[in-house]
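*Asks:* Coordinates only, no sequence provided:
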């Protein structure tokens, strides 16, 4: 835990610069907490993805706020810890996940994805990944409410709406692997806690999977047309235990010798860098909280989560909401990825989501 003083008018820039600084993977720590003190204090948590995923971070925030508040009210840490841990045994592996989903043969849950969609990517150059950067845009509550109503009108979710906007916006800038088809895909993270009876592992961990919704995207079509396509693609995915195939794939990799698994990952990374081509990703962290999170006598009036800072050509769009304020975030490296192009993408997405 550390404290940094700053002027109120520079607070956002200082925070973004701090969040963009890489964690020391070798010497740690894997979790950093820093309070930025100005006219409006900001609490920042910087967490390695090795420790937990987005859903785990949300659990951690709720736990931290509850613990802080009870200590502020002068309860003893020993009694709080005893109450929180009584009768609870968490886990960090995937075995209880497969058991809860009724899967006894893990290999049967793994399905190789058939490559039917164009391989496309956000544009990047051959220049080095030198400087980590974070870019964000936020949507006010009345626009978020409008988006919710807009998606509900066709039986879709707000996640479908975000995906539709991402498909449409990135298509304006993307580079493609030839031969190109009309079908395009985006990789999307799935919170696998949905299969657990209590919707939590009882421990802070990384328990997420991946799906790749595909749609046929035509130039000039209306947003609602793209949204309906995304909804149909997501409905199909939801019929077959979303995310479980990728979880099974991780189990297969875990069974390999470490040197073999490392070679597989290195080959995939090398191929992506040589081709300057990889599937665009989206991670929807979801709702951090619909109401103010309380830390003792203080209430958090704003909140957001940032997506991992990716090395080009890897590219990930993150979305989160707090008190009905929706925030989009991209973490990337310059000069390999253009700040102007990222800004244009975020502006296009905001226009699609708010019009």
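*Replies:* Done, it's in. Just so it is clear, the structure is predicted and the values come from calculations on it, not from any experiment.
*Asks:* Please count neighbours and contacts with C-alpha atoms only from this point.
*Replies:* Will do.
*Asks:* got the contact list for stretch 289-301?
*Replies:* 62, 65, 66, 68, 69, 70, 72, 73, 321, 322, 323, 324 (C-alpha atoms under 8 Å, 6 or more residues apart in numbering).
*Asks:* which residues sit in contact with the last one?
*Replies:* Under the criterion of C-alpha under 8 Å, 6+ apart, the contact partners of residue 324 comprise 140, 141, 144, 145, 290.
*Asks:* that older thread, okay, and which of the contacts of stretch 289-301 map to strands?
*Replies:* 321, 322 (DSSP state E).
*Asks:* among the contacts of stretch 289-301, who's most crowded?
*Replies:* Of all those, residue 321 has the most neighbours under the rule other C-alpha atoms under 10 Å, reaching 24 neighbours.
*Asks:* Just grab the bridge partners of that residue for me.
*Replies:* With DSSP bridges as the criterion, residue 321 is bridged to residue 287, residue 326.
*Asks:* and it, how far is that from residue 239?
*Replies:* 26 Å (C-alpha to C-alpha, to the nearest Å).
*Asks:* Pull up the gap between the nearest residue to residue 288 once chain neighbours are set aside and residue 291, please.
*Replies:* Closest residue in space to residue 288, ignoring its immediate chain neighbours: residue 322 at 5.4 Å, by C-alpha to C-alpha, 6 or more residues apart in numbering. Between residue 322 and residue 291 the computed distance is 7 Å (C-alpha to C-alpha).
*Asks:* again, but for residue 348
*Replies:* 29 Å.
*Asks:* got it, and residue 273?
*Replies:* From residue 273 across to residue 291, the span is 42 Å (C-alpha to C-alpha).
*Asks:* Which one's more surrounded, the two?
*Replies:* Per other C-alpha under 10 Å, whichever of residue 273 and residue 291 has more neighbours is residue 273, with 16 against 12.
*Asks:* Return the distance of the nearest residue to that one once chain neighbours are set aside relative to residue 332.
*Replies:* Leaving aside its sequence neighbours, residue 273 sits nearest to residue 313 (C-alpha to C-alpha, 6+ apart; 6.4 Å). Between residue 313 and residue 332 the computed distance is 9 Å (C-alpha to C-alpha).
*Asks:* Name the residue in the two with the higher neighbour count.
*Replies:* Using other C-alpha under 10 Å, the more surrounded residue of residue 313 and residue 332 is residue 332, with 29 against 26.
*Asks:* Any idea which residue is closest to the centre of the protein?
*Replies:* residue 283 (3.1 Å; C-alpha atoms, centre = their mean).
*Asks:* What pLDDT does the model give that residue?
*Replies:* With respect to pLDDT, residue 283 scores 96.
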